[in-house]
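S.K.: the sequence isn't on hand, but the structure is:
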């Protein structure tokens, strides 16, 4: 084999989450009463357009999760040697973007570097000029042709994307309408998004669409790579939060007595520490452990990855208390309900009451809180990375991008593109997640009256 | 009331002990002082002598919990736990890595932190509640829908964007205020205006939406219908009835953060170069000065617990039905 598949810790957790998600979806599909609130979500136009955007982000994140190491041509006494660089399928798809690095900063769609350099010409003269880029717009001989070329490529890309999008939309129209999904917003959204992707793709073939950063890496590539980190922080954290909050919250509410006291004590202690400080303290300690045990990691990617997993763990341990308190309250309320008391009177064992009667009735709280927390975690990642307790500095994430680019705002002319793209991608992801979360909350919250939308 | 307060304060002690033990475990058991010394001195080329010297300098060369070589009370007091962790109960935070008294540092840095945090908090409260009331007054109309949409958009933007963007536009392009820095007394005004403004804008989305939800919940209740049936105007209903009754949920969320204002904001202070507790914490994190981080964790939870007690007291002030026993 010319490559070796690599499963990093975070990859394994993502696969675990994916399997859990698919089996949950399968279970819900079998049960009409569970499907009902999702139908309400599906009828919400904003939610479905956000879901479309989110699923594109998810696709990028998943492709970026399939990692491998390439076999190197030279071998060590007959033993195969694999490159220390861990790549993903997504890197392979975007190989030109990843490998086409310039010397340093260049503006979006530029053909020259950002700063002037001394160029010595053949006749011995030295002139100060903006040097041409190695890849950006290299197909053009005359810089004057750039605007026309950009326009041509952009339009053709947009047109191709639009046509493809329209095709998808027309094919999907009938099944969508049959399910009662909002057809018109999706018919507009799909071609629009396809056109944006088409334009970007056709321009990216010849230019750096969002410019390059300090070491000449393509900013579009960095932004797309950041998506996986953000998604992992937002989702893997729930793997820690969920069991803790569910188990302890329901146990405290149902068993009461000393169990309740102990659990309340634990979460009061944890929530009394301001979360940033607790996270900072825990991450600092994790850093010491990682730095004093370099022998644990075979590649730098696996070190950065373990740090990411630990960060998720720490975020999870510091953030389960809110959900736990909600679940405890709800369980306290539920256990006084007639049907639970009836079950107790019939002699149904506690464990069965918990799984059959209590758990299904608190699931809406769990779901709402999970989707609402996601966007907060994505935003928190950037802040933590700025504070210095976020992901590994070598890992591409929105936080590290912002961190690297924020000092360049002081330059003249301003290097704005790296910051702008990091914030732009983050806004798209978080906004879509927030809008989707709102729709999920509206559909699942029993307190809201579903017959009247506006009070 | 006094008995209740006393009980609450007594109840706070086990929580603080829990926090103390947690930080102790985090800082001294998960990683031994050896690990920390290695980290501080650089991983490679570090001799056992250098480690021992570092530990001695920082007072980490003692047993963790029990010192068997000492006599009498020294068995307990001549240990890392007693000197580094338990001493925080009497607000003795010890010395930072660069040899400064952390307690004194905290008391001088509280001022600048408050100069930003307090106005941000007060102005923010007024702005968010007014905006939420406006949306509630026009609920269901285009104004309300636009307002909620704006809130969702604003809360989807990273806090870093507000700070970096605000600094760039206001300070660099318009030259209205200095980019960063601080002066004591009145000279501080020009330095704190922008951080306060950005702080207020930064959480307008999430806060206004939260207040709006509270108001909408109140407005569906029976007493509101009664008030309307009496013929009161919508404004009177909103201000005289809904706002008053919404005070309990508002206070629950608001009072608890008041003591935490002392800690300042990590991001704002470090971007604007304010010499407050927030930037102190960030510097300590970057320099991996564990004793400062430990002190801030303890101080933070202490202030949080004070906030919880204040919340209970505030209930009795706004709602005569609440009696603390």
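M.R.: Looks like it came in fine. Not measured: the values here are computed from a predicted model.
S.K.: following the helix or strand hosting residue A:200, which helix or strand comes up?
M.R.: Under the criterion of DSSP states H and E, residue A:200 resides in helix A:183-204. The first helix or strand that comes after helix A:183-204 along the chain, using DSSP H and E, is helix A:219-255.
S.K.: can you report phi and psi for the residue of chain A most remote from its centre?
M.R.: No residue in chain A sits farther from the centre than residue A:123, which is 53.3 Å out by Cα atoms, centre = their mean. Backbone dihedrals for residue A:123, given as degrees, to the nearest 10, come out at phi -90, psi 10.
S.K.: spell out which residues of the stretch 151-300 of chain B are next to chain A.
M.R.: When proximity is defined as Cβ under 8 Å from any Cβ of the partner chain, the stretch 151-300 of chain B approaches chain A at B:152-153, B:155-161, B:164, B:167-168, B:172, B:216, B:219-220, B:260, B:263, B:266-267, B:281-282, B:285-286, B:288, B:290, B:293-294, B:296-297, B:300. Placement of C-beta: from N, CA and C, glycine included.
S.K.: buried only: go through those for me.
M.R.: Neighbour counting by 16 or more other Cβ atoms under 10 Å in any protein chain shown classes B:152, B:155-161, B:164, B:167-168, B:216, B:219, B:260, B:263, B:266-267, B:281-282, B:285, B:288, B:290, B:293-294, B:296-297, B:300 among these as buried.
S.K.: identify each buried residue in the top helix by length along chain B, please.
M.R.: Ranked by residue count under DSSP state H, the longest helix found in chain B is helix B:102-137. Neighbour counts over helix B:102-137 (16+ other Cβ under 10 Å) mark B:102, B:105-106, B:109-110, B:112-117, B:119-121, B:124, B:127-129, B:131-137 as buried.
S.K.: likewise for stretch A:211-231?
M.R.: Residues A:211-213, A:216-231 are the ones in stretch A:211-231 that count as buried (16+ other Cβ under 10 Å).
S.K.: and stretch A:197-206, by the same measure?
M.R.: The neighbour-count check on stretch A:197-206 (16+ other Cβ under 10 Å) flags A:197, A:198, A:199, A:200, A:202, A:203, A:204, A:206 as buried.
S.K.: swap in stretch B:312-319?
M.R.: The neighbour-count criterion (16+ other Cβ under 10 Å) identifies B:312, B:313, B:314, B:315 as the buried residues of stretch B:312-319.
S.K.: for the last one, pull up the helix or strand it's in.
M.R.: Here residue B:315 is covered by helix B:290-318, with elements defined by DSSP H and E.
S.K.: return the list of helices and strands in contact with that helix.
M.R.: Under the contact definition 3 or more Cβ pairs under 8 Å, 6 or more residues apart in numbering or on different chains; DSSP states H and E, helix B:290-318 sits against helix A:257-272, helix A:275-292, helix B:2-24, helix B:102-137, helix B:247-254, helix B:277-287.
S.K.: OK, contacts around residue A:273?
M.R.: Shown in contact with residue A:273 (Cβ atoms under 8 Å, 6 or more residues apart in numbering or on different chains): B:19, B:22, B:297, B:300, B:301, B:304.
S.K.: ugh, wrong one, I meant residue B:208
M.R.: By Cβ under 8 Å, 6+ apart, residue B:208 lies in contact with B:127, B:128, B:131, B:132, B:135, B:147, B:151.
S.K.: including pLDDT, could the residues you listed go into a markdown table?
M.R.: As requested, the contacts of residue B:208 are exported to a markdown table (pLDDT from 0 to 100):
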| residue | pLDDT |
| --- | --- |
| B:127 | 96 |
| B:128 | 95 |
| B:131 | 95 |
| B:132 | 94 |
| B:135 | 94 |
| B:147 | 94 |
| B:151 | 94 |
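S.K.: do I have it right that residue B:267 meets residue B:159?
M.R.: Yes. Between residue B:267 and residue B:159 there is a contact under Cβ atoms under 8 Å: 6.1 Å.
S.K.: first-to-last residue distance for stretch B:132-141?
M.R.: 14 Å (Cα to Cα, to the nearest Å).
S.K.: cool, stretch A:71-91 as well?
M.R.: Terminal residues of stretch A:71-91 lie 16 Å apart, using Cα to Cα.
S.K.: what does it contact?
M.R.: Stretch A:71-91 is touched from outside by A:1-4, A:6, A:8, A:60, A:63-70, A:98, A:224-225, A:228, A:299-302, with contacts defined as Cβ under 8 Å, 6+ apart.
S.K.: low-confidence bits of the chain, can you list those?
M.R.: Chain wasn't specified; assuming chain A. Scanning chain A for pLDDT under 70 picks out the ranges A:1, A:447-455.
S.K.: wait, I meant chain B there
M.R.: Within chain B, the stretches falling below the threshold (pLDDT under 70) are B:42-45, B:72, B:74, B:324-325.
S.K.: what's the closest non-adjacent residue to residue 82?
M.R.: Picked chain A for this. Of all residues not flanking residue A:82 in the chain, residue A:69 sits nearest, at 4.2 Å (Cβ to Cβ, 6 or more residues apart in numbering or on different chains).
S.K.: should've been chain B
M.R.: Setting aside the residues directly before and after it, residue B:82 is nearest to residue B:76 in space (Cβ to Cβ, 6+ apart), at 5.8 Å.
S.K.: for residue A:197, give its distance to chain B.
M.R.: Between residue A:197 and chain B the computed distance is 21 Å (Cβ to the nearest Cβ, to the nearest Å).
S.K.: list the contacts of that residue.
M.R.: With Cβ under 8 Å, 6+ apart, residue A:197 has these contacts: residue A:161.
S.K.: what ranges do the helices span in the stretch 51-200 of chain B?
M.R.: Under the criterion DSSP state H, counting those that start in this stretch, the stretch 51-200 of chain B contains helices at B:74-77, B:80, B:102-137, B:142-155, B:159-166, B:189-202.
S.K.: what's the fifth one packed up against?
M.R.: With contacts defined as 3+ Cβ pairs under 8 Å, 6+ apart, the secondary structure elements packing on helix B:159-166 are helix A:359-387, helix A:417-444, helix B:189-202, helix B:266-272.
S.K.: and the helix or strand harbouring residue A:308, what other elements does it pack with?
M.R.: Element membership for residue A:308, per DSSP H and E: helix A:300-334. Using 3+ Cβ pairs under 8 Å, 6+ apart, the elements in contact with helix A:300-334 are helix A:9-30, strand A:82-88, helix A:219-255, helix A:257-272, helix A:275-292, helix A:359-387.
S.K.: around chain B, pick out the residues from the stretch 351-455 of chain A.
M.R.: The stretch 351-455 of chain A has residues A:375, A:379, A:382-383, A:386-389, A:398, A:402, A:406, A:409-410, A:414, A:419, A:423, A:426-427, A:430-431, A:434-435, A:438, A:454-455 near chain B, with proximity defined as Cβ under 8 Å from any Cβ.
S.K.: buried subset of those residues?
M.R.: Of those, these count as buried by 16+ other Cβ under 10 Å: A:375, A:379, A:382-383, A:386-389, A:398, A:402, A:406, A:409, A:419, A:423, A:426, A:430-431, A:434-435, A:438.
S.K.: how about the residue nearest the centre of chain B, secondary structure?
M.R.: Per Cα atoms, centre = their mean, the C-alpha nearest to the average position across chain B is that of residue B:260, at 3.7 Å. Secondary structure, DSSP: H, G, I helix; E, B strand; the rest coil: residue B:260 is helix.
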